[in-house]
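Enquirer: What follows is a predicted protein model with its sequence.
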Amino acid sequence: MENKESDEVEKLRTKFLSVWHNVKYSWALKTKTSFSRNSPVLLLGKCYHFKAEDDDCLTEACYEASDEDFVMGDVEAFRKDFASRLWLTYREEFAPLPGSMLTSDCGWGCMLRAGQMMLAQALILHFLGREWTWSEALALQPLDTETRTTTAAKRLVASLEASLQGSSKPPHHESPPPQGHIPGSAEEADRHLEEKEAYHRTLVSWFGDSHSAQLGLHRLIRLGLTMGKRAGDWYGPAVVAHILKKAVEEAMDPGLAGITAYVSQDSTVYSADVIDCHRALQPGQLSVAASEGPPLPQGDRAAPASTVTLDRAVIILIPVRLGIEKTNPDYIDFAKSILSLEYCLGIIGGKPKQACYFVGFQDDSLIYMDPHYCQSFVDVSISDFPLQSYHCPSPKKMPFSKMDPSCTIGFYCRSVQDFERIEQELSKVLQPSAKEKYPAFTFAQGHGRDYDLSGSMTPEKREWPFIRDPRRTVTTAMDFVLL
């Protein structure tokens, strides 16, 4: 009897906590992000200048989605490039996550969302290329506080009513409105553009919040369960790196057969291991001859060819620490150099109590995408699901000094030759300077097993060295507290 009452109390507590998080992260204050017109802006290897040739009087520009703010330099190009990156945020009202009753990841899933964004950027490079931008990126509406506040209030009332009535029915998913259409755009767009947009939609669908989505939150939570992590737990950037690796390796969609992932060991990238990843095939995966090109939507896919692809692309994930309690200022130039490379996938990390996805910088401030906004579930199984909520119109900035030292850096390598070139370029970047006594990570020849780093460790600990022991209650500087 007592156990039953305890379960009911826990269920009610979970509902109210979910309600609070949904409301808390549904408010988005409309704030301007200031950018200097005199300094270049770097976004995932692309450089933008906001200052026009005849503009010598103004020194500051505010980034906001209005035409008058985008009349000089590369501001509009930057805006379109940024808004074309995939934005994965908190969601609510999806099917319960594996091993729990949670139907939202508000308040705890931000590092997983940041990891999804990094993975999405890797897939964009793989299937669409760095030059790709979304045709509707400039049509995105700015974040509107009044609208979101009203929506949040409605969610609060509806959720409280359902909780007080003890309703155990899953939330009803209304079909989202059809994708906005610009008159004449389909007729004017050429076939190549239409194909790119179809690939774009397929890519987004892989990150849907459902059990069937190849790289969705439900799949990531299920993989975490096998290593002692549950829905509602806090995830650090290193743990997420290993979860992403598993998700890519175990993805069964033929379109993902041509790409895999590698996670460094103790901040060391072993070249032979990466080359093996390029050339090996995962059991159970189909390899298609045309894997260099993007996958078509489900209904348009041709039967996979039987030709074996011997050279897959590899996503390299490198968990690092750029300091002890705080980020060491000596690593600022290193971080800038990394984010200036087109094959860099960005950095997942954040500041204490908040995770985010760093995609660029200007001067001594990082530019990032923020997952801390709760949006409604989108059914990506329908053919015309709306794409707007998967793209962010407004970048945010944060001083390097506020960055938590624990983070994961990502790189994309299309082939073995690509990796060999990238290894050479990064080795130059990693050369210790007068400030940096130790590189953030290193490259080593051979395989990791050749160095016998793990000794007598169990296979689980070798594969997941950053998993926190659930029996340990002391919080260290390496742990993220994600609220």
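Expert: Yep, it's here.

Enquirer: which stretches of the stretch 251-400 of the chain have low pLDDT?
Expert: By pLDDT under 70, the weakly predicted segments of the stretch 251-400 of the chain are 281-310.

Enquirer: Which residue ranges of it form strands?
Expert: For the stretch 251-400 of the chain, the strands defined by DSSP state E, counting those that start in this stretch occupy 259-263, 268-270, 313-321, 344-351, 354-362, 365-369, 375-376, 396-399.

Enquirer: Just checking: what are the partner strands of the fifth one?
Expert: Using DSSP bridges, strand 354-362 pairs in its sheet with strand 41-43 (antiparallel), strand 344-351 (antiparallel), strand 365-369 (antiparallel).

Enquirer: To residue 320, which of the ones you listed lies closest?
Expert: Nearest of the strands paired with strand 354-362 to residue 320, taken as C-beta to C-beta: strand 344-351 at 9.1 Å. Every residue, glycine included, has its C-beta placed from N, CA and C.

Enquirer: Now tell me what touches that closest one from outside.
Expert: Strand 344-351 has contacts (C-beta atoms under 8 Å, 6 or more residues apart in numbering) with 44-45, 110-111, 114-115, 117-118, 121-122, 125, 237, 240-241, 315, 335, 338-339, 355-359, 398, 402-404, 406-412, 480.

Enquirer: wait, residue 89 sits on residue 374?
Expert: Yes - Residue 89 lies in contact with residue 374 (C-beta atoms under 8 Å); the separation is 7.1 Å.

Enquirer: Show me which of those two is the more surrounded one.
Expert: Legend: neighbour count by other C-beta atoms under 10 Å for residue 89 and residue 374, higher for residue 374 (26 against 22).

Enquirer: Next, that one: phi, psi?
Expert: With angles defined as degrees, to the nearest 10, residue 374 sits at phi -90, psi 120.

Enquirer: Is it in contact with residue 103, as I believe?
Expert: No - taking contacts as C-beta under 8 Å, residue 374 lies outside contact range of residue 103: 11.7 Å.

Enquirer: Between these two, which contacts overlap?
Expert: Both residue 374 and residue 103 are contacted by residue 92, under the criterion C-beta under 8 Å, 6+ apart.

Enquirer: and the closest residue to residue 46 other than its chain neighbours, how far is that from residue 193?
Expert: In this structure, residue 46 finds its nearest non-sequential neighbour in residue 81, 6.1 Å apart by C-beta to C-beta, 6 or more residues apart in numbering. Going from residue 81 to residue 193 by C-beta to C-beta, to the nearest Å gives 17 Å.

Enquirer: Which parts of the stretch 1-150 of the chain are strands?
Expert: Assigned by DSSP E, counting those that start in this stretch, the stretch 1-150 of the chain shows strands spanning 33-36, 41-43, 46-48, 60-63, 91-92.

Enquirer: Just name the most buried of these.
Expert: Among these, strand 91-92 has the highest mean neighbour count (mean count of other C-beta atoms under 10 Å), at a mean of 24.

Enquirer: and it, average pLDDT?
Expert: The average pLDDT within strand 91-92 is 96.

Enquirer: can the strands of the stretch 251-400 of the chain go into CSV with extra columns for distance to residue 129?
Expert: Converted to CSV, the strands of the stretch 251-400 of the chain look like this (distance: least, C-beta to C-beta, whole Å):
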stretch, distance to residue 129
strand 259-263, 14
strand 268-270, 24
strand 313-321, 12
strand 344-351, 14
strand 354-362, 17
strand 365-369, 20
strand 375-376, 28
strand 396-399, 26
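
Enquirer: how about low-confidence regions in the stretch 51-200 of the chain?
Expert: The model of the stretch 51-200 of the chain has pLDDT under 70 over residues 52-73, 143-190.

Enquirer: Now with 80, please.
Expert: Judged against pLDDT under 80, the low-scoring parts of the stretch 51-200 of the chain cover residues 51-73, 142-193.

Enquirer: wait, doesn't residue 203 sit right on residue 127?
Expert: Yes - Residue 203 is in contact with residue 127 according to C-beta under 8 Å; the separation is 6.4 Å.

Enquirer: Could you provide the strands of the stretch 1-150 of the chain in CSV, with additional columns for distance to residue 321?
Expert: CSV is the format used below for those (distance: least, C-beta to C-beta, whole Å):
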stretch, distance to residue 321
strand 33-36, 28
strand 41-43, 23
strand 46-48, 28
strand 60-63, 31
strand 91-92, 30
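
Enquirer: In contact with residue 316, which residues?
Expert: Residues near residue 316 by C-beta under 8 Å, 6+ apart: 261-262, 264, 269, 274, 410-413.

Enquirer: Tell me the buried residues within those.
Expert: Taking 16 or more other C-beta atoms under 10 Å as the criterion, what is buried in the contacts of residue 316 is 261-262, 264, 269, 274, 410-413.

Enquirer: Just give me the closest of the residues you listed to residue 219.
Expert: residue 261 (13.9 Å).

Enquirer: List the residues that contact that closest one.
Expert: Residue 261 sits next to 244-245, 248-249, 277, 314-317 when contact means C-beta under 8 Å, 6+ apart.

Enquirer: From residue 274, how far off is it?
Expert: Taking C-beta to C-beta, one finds residue 261 at 10 Å from residue 274.
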